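Colleague: I'd like to go over a predicted model; first the sequence, then the structure.
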Amino acid sequence: MSNRIFVAWQDDATRKWHTIGRLTKEKDAYYFVFTKGVKYLRTIPFDLFRMDPKFQYRFEELIPLFTNRIPSRSRGDFEKMAHWLNVREMGNEFELLSKFGLIPGTDSILMYPEPAVADGRYELEFFVHAMRHMHKDVLDWSKKLEIGGRLLPLLDVQNPVDPCAVALRGEDDTILVGYIPTFYAEDIKRLLIDKKSCASARIKVVRTNQDAPIQLRLLCRFESVVPSGFQVMQSEVHQPFVEFEKAR
């Protein structure tokens with residue numbers, strides 16, 4: 001897996017997700033920086049984190065901002081949540097955060113891992129977004145999905161909110177299921193407009209969590225080959241807010 005996890009905040013008014021921070025795991029410590037996604041959300045770093053976006057922060061251990069996202073294994077619903085998230089092995093705190101961070105908190109924050117690229121292949125697990133805004137039949141339709149079943153991507157190039165938006169539909173019908181999360185959409189679009197990558201791309205169902213909240217209902221995996229020189233997460237919102245020479 002990657003050694004980076006991004007932090008996103010959801011605007012209650014617009015329901016739009018904004019990537020605002022990046023946590024990196026190095027051999028000796030963890031490093032946290034704000035990203036250019038805070039450019040128009042300048043009060044968020046202090047209001048939610050009590051941090052200054054002009055600094056890079058270094059931790060010997062994960063701080064409560066991150067560890068609080070990982071539920072105790074003694075919780076009665078821990079195994080159920082782990083199943084929703086397809087957690088197959090209990091790894092270290094960082095690995096668990098990359099999974100459990102996908103559950104949105106009451107503070108409108110979620111944390112998502114950087115996609116993995118190895119041996120020329122791009123791999124990503126994600127929850128389908130915006131299912132609640134699709135046709136009312138989608139929830140019943142999703143109950144019939146089988147593990148390993150395919151979904152097909154549609155580039156929503158005239159989307160007024162995100163021109164990189166990628167919608168999803170069923171393999172054997174035209175019903176729109178939802179969208180790839182906005183923070184992964186630019187990567188996926190770049191791969192889908194590359195002829196070789198598009199031909200190899202597959203989106204398969206990993207979990208159909210009928211007992212989960214709707215935002216955790218449908219877990220999928222995207223895989224494809226990558227073009228030579230392809231780099232993940234190159235959009236502006238994923239880049240550091242400023243270049244750092246010191247850490248607090």
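Modeller: Cool, the structure landed.
Colleague: buried stuff in the helix or strand hosting residue 140?
Modeller: Following DSSP states H and E, one finds residue 140 within helix 138-142. The neighbour-count check on helix 138-142 (16 or more other C-beta atoms under 10 Å) flags 138, 142 as buried. Quick note: C-beta positions are derived from backbone N, CA and C, even for glycine.
Colleague: who does the residue nearest in space to the middle of the chain bridge with?
Modeller: When C-alpha atoms, centre = their mean is applied to the chain, the residue found nearest the centroid is residue 112 (3.9 Å). Residue 112 forms beta bridges with residue 6, as assigned by DSSP bridges.
Colleague: tell me the pLDDT at it?
Modeller: On pLDDT, residue 112 comes in at 98.
Colleague: so what's it up against?
Modeller: 5-6, 8, 98, 101-102, 126, 181, 183-184 (C-beta atoms under 8 Å, 6 or more residues apart in numbering).
Colleague: Which members of those residues are classed as buried?
Modeller: 5-6, 8, 98, 101-102, 126, 181, 183-184.
Colleague: Adding pLDDT, secondary structure and distance to residue 223, write those residues out as JSON lines.
Modeller: Converted to JSON lines, these look like this (pLDDT from 0 to 100; DSSP: H, G, I helix; E, B strand; the rest coil; distance: C-beta to C-beta, whole Å):
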{"residue": "5", "pLDDT": "98", "secondary structure": "strand", "distance to residue 223": "20"}
{"residue": "6", "pLDDT": "98", "secondary structure": "strand", "distance to residue 223": "20"}
{"residue": "8", "pLDDT": "97", "secondary structure": "strand", "distance to residue 223": "23"}
{"residue": "98", "pLDDT": "97", "secondary structure": "helix", "distance to residue 223": "17"}
{"residue": "101", "pLDDT": "97", "secondary structure": "coil", "distance to residue 223": "21"}
{"residue": "102", "pLDDT": "96", "secondary structure": "coil", "distance to residue 223": "18"}
{"residue": "126", "pLDDT": "98", "secondary structure": "strand", "distance to residue 223": "12"}
{"residue": "181", "pLDDT": "97", "secondary structure": "coil", "distance to residue 223": "16"}
{"residue": "183", "pLDDT": "96", "secondary structure": "helix", "distance to residue 223": "18"}
{"residue": "184", "pLDDT": "98", "secondary structure": "helix", "distance to residue 223": "13"}
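Colleague: what are the ranges of the strands in this protein?
Modeller: 4-10, 17-25, 30-34, 57-59, 109-113, 116-118, 121-127, 150-155, 166-170, 176-179, 202-208, 218-225 (DSSP state E).
Colleague: can you put those strands in CSV and add distance to residue 191?
Modeller: Compiled in CSV, the strands of the chain are given as follows (distance: least, C-beta to C-beta, whole Å):
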stretch, distance to residue 191
strand 4-10, 18
strand 17-25, 19
strand 30-34, 26
strand 57-59, 32
strand 109-113, 17
strand 116-118, 11
strand 121-127, 6
strand 150-155, 10
strand 166-170, 10
strand 176-179, 16
strand 202-208, 11
strand 218-225, 5
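Colleague: Where do the domain boundaries of this structure fall?
Modeller: The chain breaks down into these domains under automatic domain parsing: 1-114, 116-227+235-241.
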